[in-house]
Structures are given as C-alpha cells and as structure tokens.
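Undergrad: Give me a 3D structure for the following:
(one chain, ligands or ions: 2)
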Amino acid sequence: MTRLFNDPAAFADEMTEGFVASHRRWVRRVPGGVARRTATREGGAAIVVGGGSGHYPAFAGLVGPGLAHAAAMGNLFASPSAQQVHSVAKSVEAGGGVLLAYGNYAGDVLHFTQAQERLRAEGIDCLSIAVTDDVSSASLAEKHKRRGIAGDLTVFKVAGAAAEEGRPLAEVHALAVRANERTRSLGVAFTGCTLPGAREPLFTVPAGRMAVGMGIHGEPGIGEQDVPTADGLAELLVSRLLDEVPEGVRASGARVVPILNGLGGVKYEELFVVYRRVAELLAEAGIEAVDPQVGELVTSFDMAGTSLTLFWLDEELERLWLAPVDAPTFRRGSVEAEGDVLPDATAAAEADVPPSSAESRQSAARVLAALEAARATIDANADELGRIDSVAGDGDHGIGMQRGVHAAYDMARDGVAHGAGAGTALVWAGDAWADKAGGTSGALWGMALRALGEAVGDDDAPDAARVAAGVAAAADAIVGFGKAQIGDKTLVDALLPFSSTLTQRAASAGLAGAWDEAATAAERAAAGTANLLPRMGRARPHAEKSLGTPDAGAVSLALVVRAVHTTLTRNEAPEWKEAEV
Ligand SMILES: Nc1ncnc2c1ncn2[C@@H]1O[C@H](COP(=O)(O)OP(=O)(O)O)[C@@H](O)[C@H]1O
Ligand SMILES: O=C(COP(=O)(O)O)[C@@H](O)CO
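TA: Ligands and ions are numbered 1, 2, ... in the order given. Coordinates of the predicted model:
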C-alpha cells in the first residue's frame, strides 16, 4: 500500500524530480525522462530504454556509462508517449543512431514505434528491441508475443556494453536481439499492488495462494496454487525455465546468469533463502551460475512476488554482461563518463495557434463541449472501467482514460481561449491525450483525435459528411497502426460499427441523428465483446478469463461517443453545420 504521496496525479513527475535531485552524479532531467549527465560520444550509438514508472530501478536507475544513455519514463504502469520517447532520444543522439529498448507491451510497442518512425523521418538511424523473456505470457512458438519482465536488464546491459565498446548501431542491435533470444523468466506473486491514491489494489491474490506467471503490472497470473516453501518455489521456477532451454544450447555445461528478482514487497532475506535452492538446482543440472543477481531489479510497485530469470551466455554475451558499468543501481568495475557535463533540458516552447475562420472557432467551442462531456463520463465510470480491465488486463484503463481525456480537454480549452479552430483544437487535444496518458489507449485515442482534427481543419464549420469522413480516417489510423480486426476484442469492435453507421446515415439523418444511431451501434458492439476472446493487447494471455466481460477499451469508447451525442443535441451550444438533405 503506497502511503507517501502528495497529488497522486503528480506522483510520477515528483518521483522523477526526487530521483534526479538525488542522482546528479549520473543523470540530468530531459523532457520525457532522464539522460546521462554527460554527452554521448560523438558518432556513438545511443541506448534509450524506457517504459512505465513503478518498476524502479527500471528504467531510470539503469542510466549511466556502460548501460543506457537515457530512459523515457511513462506514468505509473503506462508506457511513455511517443513524444516523450522522441524527445528523450533526441537529447542523447550523437550521430551514431539510437537503439530503443523496452518491454513488449502493446502501449510501449505503439509509442516506441511511432517515436522510431519520427526519428527516422528526421534522418536519425533508429532500431528497436522489445524484450520478450516472460515464458508464461505466450507459447515458445509465439515468443514474439511474450511480455518483457526482469529480462529487460540482460538485454539493456548487453546493448549498453556493446555501445560503450564503440560498436555500430546494427551490431549493438544484433547483440541485444541475441541476448533477448537467450533470456527466459517466470514470475509469481502473493499479493496485488496498490497505486498511489487508489482505494483498492489493482488485483488481489487470495491469502495463502500464489499467482503463477504474474507479469509486472498485476496482470492476472496464468495459474494459481498454494504458496509453497522457499525451496518449493525455487524448484517450480527452475524446472519451468529448464523446460525451455534456448535453441542450440545444452543445459549441462552451460554458463548462465541467474537473476532472482524481488517485485517490491519481498524481503532480500527471503530472496536469499530461495536463491540458496536455485543455486543447488542449477549445479545439479550441471549449469555454472555466473555473476548471480539477487535483489530488486525490475519491480511491480509494492507487489509481493518474485521472478527468476536465466540468461544463457555465450562467450561474447558473457564479456558484455561482465563489462564495467556505472549506473545508479547497477555498478561494477570502473568506467569513466567521457563527454561534457550537460545541464537539465526543458520542454520546447509551445506552438503558435494557426489562423482559423470564425465558423471553425465556433465549431471549436463545440469540440470543447464534447470533450467536457467525454471527461465527465470517463470520470463517472473510471472505477468500473478499471474493474473490467482488471479481469484480464492490468486494471488501469479507467485511470489511463482519465489522464488522457483531462489532458485533452485542458489543451483544447487553452487552444480555444487563444482562438484555435476546430481542427487545431482536436489535433492538440489528441497530442495531449497521447502524451499524458501513454499506454495503448493513449496512443490510439491520440491518433484518432489527430486524424479527426486534420479532416475537420480550421477553415470552416465541418458538415456531417466531413465529420463522418474524419471519424473514418481516425478508424483507419487506429486499425492501420494497432492492426486489430473486428472480433479481436478491442476498441476496434466498437469503433468500426460506429464509424460505418455514421458514414451511412450522415447524409439522411444529419450529424446529431446519425451520431445517435452510430453510438447505439457502438454500445451494442461493446456489449457484444463480452462473448469474444481477446487476441490483442494485455488481455490476450488471459483470454478465457475475459469471457463474459466486455473489452474495457470498447466500453469506454461507447461511453465517450454517447456522451458526445448529448452535446450535439444541445440548443444552447453553437451548432455544427448539418449536411444539406
Ligand atoms: N492493437 C490494438 N488495437 C486497438 N485497440 C487495442 C489494441 N490493443 C489493445 N487495445 C485496446 O486497448 C485497451 C486497453 O487500453 P489501456 O488500458 O491503455 O491498455 P494498457 O494498459 O494495456 O496499455 C483494450 O481494452 C483494447 O480495447
Ligand atoms: O505498463 C507499461 C506499458 O504497458 P502499456 O501497454 O502501456 O500499459 C509499462 O509499465 C511497461 O513498460
């Protein structure tokens, strides 16, 4: 249970401030996260790691010579936004390109990929690696779908050491890929974790029971059993990981880095008792344990639990793993920071409001009313959205949607106050949503509002057909980027019927009428997702658990479009221009 916080919404920012204030020998503050205090070697590859906060020492504690150049830091348990990743990468890029390294979660993949595209478009060489060490989250045949947990450390360390040696980006990337191929983890948990200000834990484990296959965000485990003894736990973890020795490796005679990781609420002393038996079991299997790590390396806030990682070495990976490093929470040997000492960097100045017509500014007021209604419905339903998401996901959908819609409303309000047209208000709202919410839904809602805004523009009052075309463009952007199809149990299941109904009915029913019918289609489709098995996103590994419960993202989308409808029928607000019938 987190007790020490001020404003829960400011927790991640305030934590970063305190971290930087106490670790100035290593880091400086940059927009979106932290970077090494010293400049990257000219022409060297820069390693940018990142993910949600709440996993300390991942990711900020891993920034320093021999490891990462910078960390993009999202909100608690939510990926950083593409904007954050981009700005953090720009702060350390020095002509040798950037490797983006992160755990394989839908939100991280969406945001880091967007950032990669932006960096490439600016002429910066950029490659990525999504760590996939958690054996419980997909079968070996689908290893690319596995989550990244404590194995982040082995992959980041190998990449960091290779960059420190001056290896070019492509080689650094290839080594990181090899480290990922040879890293396997399994986690268990005995309790849930409670984010600052939350009344309830994100999930619970019954007393005396243990969730097996637990991720690092409180995603439900794959199985549950009575809590074993420390030796029993060591046997379970080692035997499962020895069932999956990487291809081309023989267990007997192999050299392995074992990492027994505390998830936040387990004592080091308990970990040592478990590790005692892990060491015996590895020795019995003829495996040489190299440089074992026992302690908190990738945590899950205050969750009581542990994970075991086995990193199967070859000669080169062993050299890189053992290379000197000097990061706040991971140090060995002696490695000097070479570059100039740099100051903290602040965010870029805000953009000017582009010119707009009087009609478009009137429509912008309508956009603001719609966002206000969306904000009210999300606030009213945040707990229920969290509950739905916790059935098979990580329980933070309500919190994430709140962060996003509040930021979007605030940004649109500022824009409108400074004379923004409807298109700009929507684009700015989308960017703010993505930036402040992070996570999967943040990326998708941000993209959707941006696409809608670009279609609406700032020149005139959009008619129903143009709004419908904008919604269709938003749906295309989401499907194009997230790759979800109808039936995958995502917000796409509600969005596509919404968009097609709006398009079909816009000409004959006008905007308010068509929107009403489309919102009904979205509500029906969202409810219908209860009968589906998830094939995308965080809920996928827990598919069966989610049968009977609708998809959280589809439900929130239906709530938002219904709330927006109430603003389209209000007489007092300026009207959108209805299509000629
Ligand atoms: N590839 C995808 N395409 C579209 N929607 C997706 C995709 N993956 C997940 N989602 C949606 O995102 C919702 C979860 O959003 P969010 O709470 O932000 O997720 P997370 O915490 O996993 O990042 C899901 O309920 C689902 O509707
Ligand atoms: O939660 C994290 C990212 O996952 P989302 O899919 O964005 O929720 C983060 O803590 C791990 O990087």
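
Undergrad: pLDDT wise, what is the closest residue to ligand 1 within the stretch 351-500 of the chain at?
TA: Of all residues in the stretch 351-500 of the chain, residue 482 sits closest to ligand 1, at 2.7 Å by Cβ to the nearest ligand atom. For every residue, glycine as well, the C-beta is placed using N, CA and C. At residue 482, the predicted lDDT confidence score is 90.

Undergrad: count of neighbours near it?
TA: Look at residue 482: counted by other Cβ atoms under 10 Å, it has 21 neighbours.

Undergrad: same check, this time on residue 544
TA: By other Cβ under 10 Å, the residues close to residue 544 number 9.

Undergrad: Surely it touches residue 534?
TA: No: in this structure, residue 544 is not within contact of residue 534 by Cβ atoms under 8 Å, at 9.9 Å.

Undergrad: Does the residue of the stretch 351-500 of the chain closest to ligand 1 touch residue 448 like I think?
TA: No: here residue 482 lies out of contact with residue 448, judged by Cβ under 8 Å, at a distance of 10.6 Å.

Undergrad: Name the residues contacting each of these two.
TA: The overlap between the contact sets of residue 482 and residue 448 (Cβ atoms under 8 Å, 6 or more residues apart in numbering) is empty.

Undergrad: How about the residues of the stretch 1-150 of the chain by ligand 2?
TA: Selection of the stretch 1-150 of the chain residues close to ligand 2 by Cβ under 6 Å from any ligand atom yields 51, 52, 55, 77, 78, 79, 102, 103, 105, 106, 107, 108.

Undergrad: A strand includes the first one, no?
TA: Yes: assessed by DSSP: H, G, I helix; E, B strand; the rest coil, residue 51 belongs to a strand.

Undergrad: returning to what we had before: if we check ligand 1, which of the residues of the stretch 1-150 of the chain next to ligand 2 are in contact?
TA: Under the cut-off given by Cβ under 6 Å from any ligand atom, ligand 1 has 106, 107 from these close to it.

Undergrad: Take the residues of the stretch 1-150 of the chain next to ligand 2 and keep only those in strands.
TA: Taking DSSP state E, the ones among these that sit in strands are 51, 52, 102, 103.

Undergrad: which residue packs closest to the third one, ignoring adjacent ones?
TA: Which is residue 102. Nearest in space to residue 102, with sequence neighbours left out and distances taken as Cβ to Cβ, 6 or more residues apart in numbering, is residue 108 at 4.6 Å.

Undergrad: my guess is the one you found meets residue 49, correct?
TA: No: if you go by Cβ under 8 Å, residue 108 and residue 49 don't touch, sitting 10.7 Å apart.

Undergrad: Give me the common contacts of these two.
TA: Here residue 108 and residue 49 share the contacting residues residue 102, scored by Cβ under 8 Å, 6+ apart.

Undergrad: which residues in the stretch 401-550 of the chain form helices?
TA: Per DSSP state H, counting those that start in this stretch, the stretch 401-550 of the chain carries helices over the ranges 422-437, 439-456, 464-482, 492-528.

Undergrad: returning to what we had before: and the ones in strands among the residues of the stretch 1-150 of the chain next to ligand 2, which is closest to ligand 1?
TA: The shortest approach to ligand 1 among these belongs to residue 52, at 8.6 Å (Cβ to the nearest ligand atom).

Undergrad: The closest one reaches residue 78, doesn't it?
TA: Yes: proximity of residue 52 to residue 78 meets the contact threshold set by Cβ under 8 Å, at 4.9 Å.

Undergrad: More neighbours: which of the two?
TA: Per other Cβ under 10 Å, whichever of residue 52 and residue 78 has more neighbours is residue 78, with 30 against 27.

Undergrad: Now that one: phi and psi?
TA: Taking degrees, to the nearest 10, you get phi -140, psi 140 for the backbone angles of residue 78.
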